[in-house]
Every structure is written in structure tokens, then in C-alpha cells.
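Colleague: output the structure for:
(chains A and B)
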There are 2 protein chains.
Amino acid sequence: MSLQSQASPEAQKYDIVIVGAGPVGLMLSTCLARWGYKIKHIDNRPEPTKTGRADGIQPRSLDLLRNMGLKSPLMAHKPARVYEVAFWDPTKEGTGIARTGTWASCPSFIDARYPFTTLLHQGHIERVFLTDLAKNGVEVQRPWTIKGFTSDEAENPEYPVEVQLEHVEGGVSETIRAKYLFGGEGARSFIRDQLKIAVRHKDPIEYVWGVMDGVVQTDFPDIKMKCTIHSDHGSIMVIPREDNMVRLYIQIASSTDPDFQPRKTATAEEVQASAARILQPYTISWERVEWFSVYPIGQGLGDRYTLDQRVFLGGDAVHTHSPKAGQGMNTAFLDAQNLAWKIHLVESGFADRSLLETYEQERRQVAENLLDFDNRYAKLFSQRVSAASEAEAAMEKEEAGETQTENEFIKAFKEACEFTSGYGVAYQPNVLNWSPSHPARSSVINPPGTTLRTGRLLINANVTRVVDANVVHLEQEVPMNGSFRIFIFAGNPSVTAGALTDFANRLQSKDSFYMSYQRPDLDQVSHHEQHNPRSHFFTFCTIFADRRSNIEISHHVPSLLARYRAHVYADDQWDRRVPEAKAPAHAKAGLDQEKGGVVVVRPDGYVGLVAQLVDGSETVDALNQYFGAFTTKKLGQKLSLL
Amino acid sequence: MSLQSQASPEAQKYDIVIVGAGPVGLMLSTCLARWGYKIKHIDNRPEPTKTGRADGIQPRSLDLLRNMGLKSPLMAHKPARVYEVAFWDPTKEGTGIARTGTWASCPSFIDARYPFTTLLHQGHIERVFLTDLAKNGVEVQRPWTIKGFTSDEAENPEYPVEVQLEHVEGGVSETIRAKYLFGGEGARSFIRDQLKIAVRHKDPIEYVWGVMDGVVQTDFPDIKMKCTIHSDHGSIMVIPREDNMVRLYIQIASSTDPDFQPRKTATAEEVQASAARILQPYTISWERVEWFSVYPIGQGLGDRYTLDQRVFLGGDAVHTHSPKAGQGMNTAFLDAQNLAWKIHLVESGFADRSLLETYEQERRQVAENLLDFDNRYAKLFSQRVSAASEAEAAMEKEEAGETQTENEFIKAFKEACEFTSGYGVAYQPNVLNWSPSHPARSSVINPPGTTLRTGRLLINANVTRVVDANVVHLEQEVPMNGSFRIFIFAGNPSVTAGALTDFANRLQSKDSFYMSYQRPDLDQVSHHEQHNPRSHFFTFCTIFADRRSNIEISHHVPSLLARYRAHVYADDQWDRRVPEAKAPAHAKAGLDQEKGGVVVVRPDGYVGLVAQLVDGSETVDALNQYFGAFTTKKLGQKLSLL
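Modeller: The predicted structure is shown next:
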């Protein structure tokens, strides 16, 4: 068949070509489409996932999806929610299996809004993203595949990437130019192979897994829970699903087996028979099998996520691991989100191109930790399962200041919970995550007492919005729109009045981070715009340590900040974690309830910088120094000479 | 034009004809359609409400909508939420208006899941119901109207009602037969007029109101709050809406005016000019007006809601009042819900036809209270507004047992809050709401200490579902499906083991309320049916005062109750209202945390009966006596002779 190329002499131009419409590709596409980028998104499957595949959304991912307005449509599918993991082991008497313990999937020592894992199949998840994409005019082109690409910034600085695409059945092709190319094609990435990026195996052991989704009838009491079952007949993992379904993972072979064959397989009947043996003395019968698959998987980590900051990889294309901890899709989401806002800040002229280097730096470290964790997780399971609830209790006491015990097991357990819940991600210091080696050296940075850590998520807190008295989740108030979120914890209004005025005045200096990046369409902005009335890159939230009824915006908030009137809050909502605090959000962040403090949060919700709120220009100067480390313009010049 | 009648000699038969597709008609239709009834539903408007009309959903109505699975689709419209009401009055200096106080719309002394009023326009609300109806094959026939009807049980005991329907433009008509006819046509009800049911006016004062929905630009600081504004230039009520809109209610005339004319009107421009004067010193300009209407309204209450228990009225057809307290739609919802399950219990052969008499008895009393309240509400507003927050604080102290002050104002304020939130509904004793005069006379009924009151809602409580460790809202666990909800608070499992076994055994007596109404299709019921595996009329929930991990369903729950395995709970979730309680749900209900108790909750969530959980047959006997007062079969015969 002759290839009919549809490429015109002047190839079509896109901001980005995204290959693969699984979780990583869809998250990236959804973010960039909302922010107005021109996207070519292809997938080699004729339609979205119909059954099976990834299905676990961790607590922190649910926060993220809510921040994007996508949580409600997902929850409309009535997913299963996993609050606890149960452990089953063989009885000494040889009578089959018995429960040896349970373990909260997100114990109370983690301050999570949604302390459960959400289970529903990837097809539902993909469709939520596809519906959102359609609203922004992006449709995934299917079934199309990538045939080749080149990237040469010297030759074409604006659109350095040329990509050849083709219908999977051949016959039609396109050659297009783009600013970026993203490979979210899964473990068998063509783009990764073309870039000759090697995948290293941390753990040399390979496994063959069987996975089956279906509806069962059983007297096994924990069929609605996540279970790890060891028996004399093998091991199984049980995961509940929407619509009365259950997923079983069975390890079919391991490279540690004497007769290991990576192509070893099993039929559905064999897996069912194996499950029946493992579950004894309980019985199980299958009313319906929705999906069944056998696949070999090893741990793998790509050496690089990009070679030239133009062609990027993410998701399974650069990291693979066992399905046990349910981390695949969640890591993919965060890869894509991390890249999305960085591309946006560069392409919109705010950040220096070098900001893109932090994508690989931040996300590859997370994947490396995930692989390390994946190894230790299995050991932890087998080690001292029944001690987990004691560990949890000990931690609660510790939190309450009652005891100060900490042993290795508790440490490992705690780390595992933080990891699986998604709250364990901690980005290392760089231009975005302040540390003493950051160019910003102001003495007001990193005030003593703060519990916030740069590179980690902002604390959760309920506060009262002043204009309408609504009780809201502070950390969710600015949607994922590419803006930095500047939280001004304003303490006691009578104490901070001067500091707030100085802050607002200093912001209005021509060369402040704020005034340097004002909207070009200032005249046309609606009175009702809440988040970005003056700058696309910043939203200001002002939180007073006082009761709502005591706060009068026109009196207490300088007019520059008052323009963000929907983001003025009263820190007056009682919190069980700090029951004695007058201003719980201040208290949880470890900020002075009288003097407050300023927190710069990255567009993805991670803390970038914490500073004191002081009289004079120093607070804004500190922020100028912070942002100036990666913005395209010089900020606060005069002051940085002082 | 000649009328072409399409009625065949053998007229089409329906279970019910519903006239009017506003909130009351749609709620009734939605319930009955879900339960499989054949419905003819007509409305004389060519399409659902496009703009304006009712828009306030009270906290208790949101519970109800959630219980029906309709809350999420409503919330998807991002309605405004009113947490507080602000009061504005003229300043002494004559400088315009100033805020004199605020008032929580649902203060914390009310244990509400959703302590706010939800505002969105009636069209969105109607469409949520219409979408649900379509799923059950019901479409509202528009624009059609009712031309006449007769009802004669003697002539046709099964389908006593004959109804003539006609297209509003004439030309086509239908004559059909039905078991019931419902008039939800609003204040100008044809059906009410035909029945010659008089409407009495409690308060002889009539008003003319102007109402305007639109988008404004203003520096009035409380434009996102509900406000009651009195000024030297007149009065206005402000209500925030979805999509940056605001609704203004302006009283244009009152029959107490010397020159009162019920047909007095005002143009949109006049209303805007009036609003501008009232809001001084603040400015207001209109970007868009979505809806504007002027209408006269007086208080009215129908003498009867039915004459023959076949033709019923509900909603505005039988009660009208001022829009100030935002009660119209909420009262309509509860009218319809109350009638729906009673028709269902009668038509499905469970309850005696006389049960239908409780519809008028219960709902007319509520309307009468509403009208009384409506009068007092205005006075309360003007009386001592600034004292409201003090009153609230005093009540919180009272709840905490710190003080015991109670004055007239606090009482009135408390009552007003309960009323406007929807939690003040208290049905009087009758066959459904046990009292000492109920035929059920067992000594185990109404155990000392319980805080539950028959005819009032069940308490809210978080509990942990045993099978999947999900933390759930106990009061929401059985959906609105026409079943009674039997909550077995089972206390300490080791204490109540005998009582639980006896309860289950006694339930299995051939003439128990449970065995007398088993499903006819027992053999075909799916293993996965959670709510009604054995009887369509009862769901059993068993709640232990213990930690989830201590509860083993196969060991602690008798098999009859264990069949309701998704309804076995651990009462182990800490509650701020009873911080010291080991078993907060037991404690809030005032039930013994060792010995428990049994609570019968009507299909609409109101408590019918509370009984002790005792060894032997007495608990089931008490329930047999209770249900026997209105079931079609004799229950527990042998025992009732003891």
C-alpha cells in the first residue's frame, strides 16, 4: 500500500503533539487545552479503554482531580472506596486462610480530606478527561500512531519538533511541526526507543501477573475490602470495584522460580481455580468475568525523561513497577501535571526555559523512590502485619504528644502510608522549592516555627470566605489554572494592618513580580473575574486570624488585595487536629496567629516559599528574589542591591 | 374548533394522573415512577421553567434529595450557598444603610449535614427530576391541561377517577381512568376549584412583590449573602444565585397601604431605581436582567387536601405565603414525598387504605405552622436583630450544659431557624407516629433516655460499614425506596447476643410483620441486592457500639440480619457533639451503649417508634403491634393476646 502523505509543504503547526491517551497523556492534554494551547493528541487504540487496566485513585490524586473540577463526574460512577487493607494468612492448623490484621489505607495521622482509595475502571476515568477535552475543542485522533520525529532547536527555534504520524492501518499520514512532543505511550514507548533512553531495572526480579475483573458470589467476608492473601496454594490480591465487581491479582510466575519463563501464561479457568484453592475454606463462584489479562512486568526506570527539553516522556514510558501499591495512574497524573504548568509558564513568557529541567529532576526522583518503596512494600507486608494497628495507635499518641516512641517498623509503616496515599511526594530543593542554597537570601524567608516544608503540599484547612460566609477548603480555593497561589496569612488584623499596607504598596512597584506580569487585556477584564483579574500568574488569598463577622474587606484589606475579594477568608473554623487553636489554619501551618506569614504555593499545590509578613518592603522583596530566580524579567532590581 | 376526542370506549388506565410539573408534581412523579407506577403527567407550559421562580433548597431538603440520589446533579450547577443572613438598617445620621447584624441561616445548634441554603433556579431543579423521570419511561405531556374529572369509588372501585385532558390550544383531548388524581397546579388550581375547597387567609394582609434576577456590579459588600435591607426608601431582600446572579425581592405594595391596589405594578426600571435608592450609599448597576416579575400574594391555606382520598392536592394549590422565608419549594417537596410512599404502601397491598388520611393530617398541620411562622418571622426580623448572634452563643452554651437561660427571643429565634432549615417539621401522633394513645402498648416501647421523638427526623451520625470499612452517613444508608428502615442499635455485642438472636428468631414467625410481607420473587433475588433481599417493605440496619475490627458478621449477626450485610455498622466514629461518647450514634439517640434499642424509621426518614432491644419476643411483638395498626394483615396474633 502506498503511503499518501497529507503533509503540505508548509506543515501544520501545533504547540504540542501528545502520543497516547492513557492517564498521563490525557492529564497533560486536559491542562494545556484549558490554558488555550493547540494540541495534536493521538492514540493507537480505536477507542478508549473499555474494561480493565488501571483503576486506583489515591487520596492525594482525588484532591488534584477536585482542584480541576473533575472529582464530581468521577464520583458519579459510584466507585468503590477502600478505607482499609486486610491481611490473610494460612492458619497453623492447615484449615485454610484466616484474617491476621487490618490496616487503614490512609491512617488518621495523615491529614487527608479523602482518606480512601477510589476504585473505578480506567475507561470511566478516560471518558471524564475526554469530555473535558471536547469542551476545549480537542479530540483524540484514533487509531493513529507515531512513525518518526526529529527535534532541532537550532534549525527552527520556534517549532523545533517535526513529527510523522500515520493511521495504524497505514494509507494516511501527516507530518506536522510542534514546539513539544510528549510520549505517554506506556511501557513500550516508541519515542523512548528512538531517543535511545535506556530503562534500568532496580530490582532484577520479573513477575508474571494474572488479573481478573468480574462479579463473584462468595462467603469470603472481606470481598469488599482490599486484601492481601497468602495461602499454602499461592498468593492473591483482592480489590473491590464499582458495580459489585472485584479485581483479583494473582502472581503466576516470578523470575526467582526455578523454571521461570516470562511468557508463562494461564487461562481464565486456571486463575479461577487457583483463586478458589487460595480462598479455602471460603467458596467463590463467578457470575461474570469482565476482563482477564496476563502480563509480565518488571521494575524499570528510564535514565532520562528528555534529552532536549522539547521531547518529553512520562508515565509508564519511563517507570514500571508491580501493581501492588496501586501507584501507576497516580504517578502518571503527577508527571503530566508537573510538566503542564512548567510548559505553560515558559510558553506564556513568564519563566525562563531552564525551568523545564525541573520536570525530570522532580519527577524522576519520585519514580526512583516509588521503585525503592515497591521493593520494601512487599517485605513490610510479610514482616509484621498484625503490628500495624498497634503502630497506628502509637503514632496517634505520638501526634497527640503522649509518647515519643519511634521504631523502624513504625517509620516504615508511616512512610508506606504516606507513599501509597500520595502525600509522601517531597520535591528536592531547586529554583521552585526554596532552601538555603536558593538565590533568594532574604532573612524573612523560612520563619521559625512553620510546619510547612518547601517541595511538599500545603496543609489542608477549613476557613470561612468573608464575602458569602461559605465554609471552604482553603487549599482548594484556587483552581489548577497555572497560577501561583500567594497565601497571605494575615494574623490579627490590628497587628498586621501596617505590614499588609506595605505589602500591597510594594507589590505596586513597577518591577515587582506582580506588576512585571500584568494581563495585557486589563481593560476588558470582567468585574466578576475572581482568580486572575490583574495577572494570569498570581492569585492572592488573604486569611485573617479572626471571626468572619469582625472582618470588613473595605476596612481591613488594601485595595490591591481586596480586588481578590472572593479570596479573603476568616480563619475561624474549629479543627480537631488543633482543638485549642483560635486560628486553626495559622496553627496548622505553624504561623504566628498575631503576625501571620506569607506562603507561595506553586500552581500544583506544593509549597515554594514561606516568608514572614513584616512592615516595610522586605516581604515583597523576598518574593521578588524567589520568583526572580526563574522569571524572564529582572525583578525588584533596586532592592536586590541592598 | 371541534374537539377531536381520542378517548377509546375502553379508556386508558393509569395508576395516577399528575397535573402540574413544578416541584410538587415532579417529586411525586419521580418517586412513583421509580417504584414502577404507571403515570400520566401533564403540564400546561410548553417547556420547563426557563428563568426565575422558586430557587431556595433548605438544608433538610438537600438531605432528602441526597437520599434520592439527586443532590449531585443539582450541585453540578454550582449553586450559591447561603450560610448567613445579613441585616441592614438606616443609619441614624441619615447617610443611607449600615449592617446591623448577621445571623447563621442554620446555626450550629441544629445538627445539619449541610448547614446552608442552596440557591439555583427552578429550571435546573426541574430538569434534574425530568432526567430521572425519563430513565423510568415517564415524559411530561405538554402543553396539556385538565378539563374535568369525576371520582366514584362505588362505581369503579379499582379505577374510580375519570379525567378529561386537553391540549392547551384545543383540538386534541383524552379521557382516561386512574386510581388517583393529583393537583400540583400552583395557586390557581382548577382541581381545587372543582372540588370547591376553600382557601382561607390566616393573615388578611396581601402584598405585591417585585422580583428581579440578574447580574449586577456593586460595591455593596454583602451582595453574595442573603440580606434583609430596611431603608428610608423602602425594603428589599437580596438573595445570591448561581452564575454571579443575584435576586432582589422588593415589596411594591401592601394592603395596609392607604391607596392599596392588588393590581399595582412596577416596571423593571422602576424596581432598579428603587433598589438604587434603598442601597445608598452603595452603588449598583445592572449588567444583565434575566427575569423580572411582579405578583400579588397573600397567605392562604386550603380547608382540605382531599375529599375522598383519591383526588389529592399539594404544594401552592393548598398553601401560599410570602417568599421571604424561602419555604415554598421545600414544603412542596415534602408534601409530594409524604403522599408518594403512602400511596405506594396502600397500592402494593401493605397498608390499609385509611393510611392515606394521614397525608392531609400531617401536611396540612405543617402548612398551618408555616403560615403562623411566616407572620412571626417578619416581626422577629425587625425586633432584635442584633441580638441574634448573642442568642446563638447563648444556645451553644446551653447545649454544652453551661447555662440554662431561655428567653422568648431565643425561643423564637431557635424555632425560626429550625423552621427555615426544614428540621422543625414535627408530625403529630397518629398510627405512624407512636404515642401512648397508639394501639401498640408494649412496655418496651419508648425506652427512658432516648432523645428520638416520633414524628421527627432520625438523628445524623457517622458510622463505619463493616464489610468495606467505609465511613458513611447512617441516616442516608437506606435510599428513599418506600421501605421502612429498622435500625437495630445493638450496643455491646457480648451483651446483646441473646436479644439479637431472639429478635431474629421472632422475626421468622409466620405472622411477624416481616414474614407477612415477603417478596413474591424470593427465588430470583440477586445475591447482590442490598436493601430489599427478602421484603420490599423493610430494610434492617444493625449498628454495634464497638470498633469495626472487633465485629465479625458471621459470628455476631444472626443470619436473617446478616443477609443485610451491607447494613451492618460499627458505631466508632468520633462526633464533636458527644466528644466523650464511645458510641456516638447510640449516644446521640440516647440509647444505652450496652443494651442498645430498636428504631423504626418511616420511609421518609421520620421516626415512627423506638423500642428496647430485649431478650425474648417482646421487641418484635412491639413492632408487630406498631405495624399491625395500619397493615392489611393481622400481625403477631398469638402474642397480642398476652
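Colleague: in chain A, which strand has the most residues?
Modeller: strand A:284-298 (DSSP state E).
Colleague: quick one: strands adjacent to the helix or strand that it is followed by?
Modeller: Using DSSP states H and E, the helix or strand that follows strand A:284-298 in sequence is strand A:300-302. Note on strand A:300-302: by DSSP bridges, its sheet partners are strand A:199-200 (antiparallel), strand A:319-320 (antiparallel).
Colleague: export these to CSV and tack on mean pLDDT?
Modeller: Conversion of the strands paired with strand A:300-302 to CSV gives the following (pLDDT from 0 to 100):
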stretch, mean pLDDT
strand A:199-200, 92
strand A:319-320, 90
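Colleague: helices of the stretch 401-550 of chain A, start to end?
Modeller: Taking DSSP state H, counting those that start in this stretch as the test, the helices found in the stretch 401-550 of chain A are A:408-421, A:493-507.
Colleague: what's the closest of those helices to A:Tyr359?
Modeller: helix A:408-421 (20.8 Å; Cβ to Cβ). Yep, even glycine has a C-beta here, placed from its N, CA and C like the rest.
Colleague: show me what the closest one is packed up against.
Modeller: Packing partners of helix A:408-421 (3 or more Cβ pairs under 8 Å, 6 or more residues apart in numbering or on different chains; DSSP states H and E): helix A:357-383, helix A:388-399.
Colleague: how far does the first one sit from the chain's center?
Modeller: Between the mean C-alpha point of helix A:357-383 and the mean C-alpha point of its chain there is a distance of 14 Å (Cα atoms, centre = their mean, to the nearest Å).
Colleague: buried residues, that helix. List them.
Modeller: A:358-360, A:362-364, A:366-367, A:370-371, A:373-374, A:377, A:380-381 (16 or more other Cβ atoms under 10 Å in any protein chain shown).
Colleague: quick one, grab the pLDDT at the residue at the greatest distance from the centre of chain A.
Modeller: If you look at how far each residue of chain A sits from its centre, by Cα atoms, centre = their mean, the farthest one is A:Glu93, at 45.2 Å. Each residue has a pLDDT score; the one for A:Glu93 is 91.
Colleague: how much space separates it from A:Ala332?
Modeller: 44 Å (Cβ to Cβ, to the nearest Å).
Colleague: got the CA positions of the longest strand of chain A in CSV?
Modeller: Below are the C-alpha coordinates for strand A:284-298, written out as CSV (Å, rounded to 0.1, in the frame of the first residue of the first chain):
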residue,chain,number,x,y,z
ILE,A,284,-16.2,-18.4,45.4
SER,A,285,-18.1,-18.6,42.1
TRP,A,286,-18.1,-16.2,39.1
GLU,A,287,-21.3,-14.7,37.9
ARG,A,288,-19.5,-12.7,35.2
VAL,A,289,-15.9,-12.0,34.1
GLU,A,290,-15.5,-8.6,32.7
TRP,A,291,-11.8,-8.6,31.9
PHE,A,292,-8.9,-11.0,32.2
SER,A,293,-5.2,-10.5,31.3
VAL,A,294,-1.8,-12.0,32.0
TYR,A,295,1.2,-9.8,31.7
PRO,A,296,4.8,-9.9,32.6
ILE,A,297,6.1,-6.9,34.5
GLY,A,298,9.4,-5.8,36.0
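Colleague: buried sites along it?
Modeller: Using 16+ other Cβ under 10 Å as the test for burial, strand A:284-298 gives A:Ile284, A:Trp286, A:Val289, A:Glu290, A:Trp291, A:Phe292, A:Val294, A:Pro296, A:Ile297, A:Gly298.
Colleague: equivalent analysis for stretch A:466-482, please.
Modeller: A:466-472, A:474-475, A:477-482.
Colleague: my read: A:Pro46 touches A:Pro143, true?
Modeller: Yes. The criterion here is Cβ atoms under 8 Å, and A:Pro46 meets it with A:Pro143 at 4.5 Å.
Colleague: which one's more surrounded, these two?
Modeller: A:Pro143 (14 against 9; other Cβ atoms under 10 Å in any protein chain shown).
Colleague: how close does that one sit to chain B?
Modeller: Using Cβ to the nearest Cβ, to the nearest Å, A:Pro143 is found at 32 Å from chain B.
Colleague: ok, now A:Gln593?
Modeller: Distance from A:Gln593 to chain B, by Cβ to the nearest Cβ: 21 Å.
Colleague: please apply the same query to A:Thr464.
Modeller: 8 Å.
Colleague: I'd guessed A:Ala98 sits against A:Thr91; true?
Modeller: Yes. A:Ala98 is within contact range of A:Thr91, at 4.8 Å (criterion: Cβ under 8 Å).
Colleague: kindly export stretch A:501-517 (C-alpha atoms) in CSV.
Modeller: Provided in CSV are the C-alpha atoms of stretch A:501-517 (Å, rounded to 0.1, in the frame of the first residue of the first chain):
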residue,chain,number,x,y,z
THR,A,501,-0.5,48.0,53.5
ASP,A,502,3.3,47.9,53.0
PHE,A,503,2.9,44.6,51.2
ALA,A,504,0.3,45.9,48.8
ASN,A,505,2.2,49.2,48.2
ARG,A,506,5.4,47.4,47.5
LEU,A,507,3.6,45.0,45.1
GLN,A,508,2.7,48.0,43.1
SER,A,509,6.3,48.9,42.4
LYS,A,510,6.8,48.7,38.6
ASP,A,511,9.4,45.9,38.9
SER,A,512,7.7,43.7,41.4
PHE,A,513,6.9,40.1,40.4
TYR,A,514,3.2,41.1,40.3
MET,A,515,3.5,44.3,38.2
SER,A,516,6.0,42.8,35.8
TYR,A,517,3.5,40.2,34.7
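Colleague: name the nearest residue to A:Glu418, ignoring sequence neighbours.
Modeller: Take A:Glu418 and drop its neighbours on the chain: the residue closest to it by Cβ to Cβ, 6 or more residues apart in numbering or on different chains is A:Gly424, 3.5 Å away.
Colleague: what sits against the closest residue to A:Lys50 other than its chain neighbours?
Modeller: Setting aside the residues directly before and after it, A:Lys50 is nearest to A:Gly123 in space (Cβ to Cβ, 6+ apart), at 5.6 Å. Shown in contact with A:Gly123 (Cβ atoms under 8 Å, 6 or more residues apart in numbering or on different chains): A:Pro48, A:Thr49, A:Lys50, A:Thr51, A:Arg53.
Colleague: A:Asn433 too?
Modeller: Contacts of A:Asn433 by Cβ under 8 Å, 6+ apart are A:Tyr427, A:Thr454, A:Gly455, A:Tyr606, A:Val607, A:Gly608.
Colleague: out of those residues, list just those in strands.
Modeller: A:Val607, A:Gly608.
Colleague: what does chain A put close to chain B?
Modeller: Selection of chain A residues close to chain B by Cβ under 8 Å from any Cβ of the partner chain yields A:72, A:75-76, A:80-84, A:102, A:116, A:215, A:217, A:219, A:221-225, A:240, A:244, A:287, A:389, A:464, A:467-471, A:527-528, A:549, A:552-554, A:574, A:576.
Colleague: drop anything exposed from these.
Modeller: In these, the ones that pass as buried (16+ other Cβ under 10 Å) are A:75, A:80-84, A:102, A:116, A:215, A:221-225, A:240, A:244, A:389, A:464, A:467-471, A:549, A:553.
Colleague: now whichever strand or helix holds the residue nearest to A:Lys50: buried residues?
Modeller: A:Gly123 belongs to helix A:122-135 when elements are defined using DSSP H and E. For helix A:122-135, the neighbour count (16+ other Cβ under 10 Å) marks A:Gln122, A:Gly123, A:His124, A:Ile125, A:Glu126, A:Arg127, A:Val128, A:Phe129, A:Leu130, A:Asp132, A:Leu133 as buried.
Colleague: where does that helix sit relative to the chain's centre, distance-wise?
Modeller: Per Cα atoms, centre = their mean, the displacement of helix A:122-135 from the mean C-alpha position of its chain is 17 Å.
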